[in-house]
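[1] Below are the sequence and a predicted model; questions follow.
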Amino acid sequence: MLRRSLHLRAALGARPQTLAAQALLADNLPEDDPERAELMKTFRPGAEELHIGWLLTEG
């Protein structure tokens, strides 16, 4: 369901919501999963660019 949510948000063009979905999916994947690493590389710079601080906090 997390992947579907991500794909729907991306298709809609809702960038802040897409970044949040990427963060949530990354958080739910195993640490050694290559998809997780790719999601982390994608959502963090976007969150910094859009000043979405709560996506950048480790928690």
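    That came through, no problem. Residues are numbered from 1 along each chain as shown.
[2] what about Gln17, which SS state?
    helix (DSSP: H, G, I helix; E, B strand; the rest coil).
[3] Quick check: closest non-adjacent residue to it.
    Residue nearest to Gln17 in three dimensions, not counting chain neighbours: Arg9, with 4.5 Å by CB to CB, 6 or more residues apart in numbering. Glycine gets a C-beta too; all of them are placed from N, C-alpha and C.
[4] for Arg3, same thing?
    Using CB to CB, 6+ apart, the nearest residue to Arg3 is Leu25, at 6.4 Å.
[5] Show the contacting residues for the one you found.
    Leu2, Arg3, Leu6, Leu39 (CB atoms under 8 Å, 6 or more residues apart in numbering).
[6] rewinding a little: tell me the mean pLDDT over the helix or strand in which the residue nearest to Gln17 is found?
    Following DSSP states H and E, one finds Arg9 within helix 2-12. Helix 2-12 carries an average pLDDT of 90.
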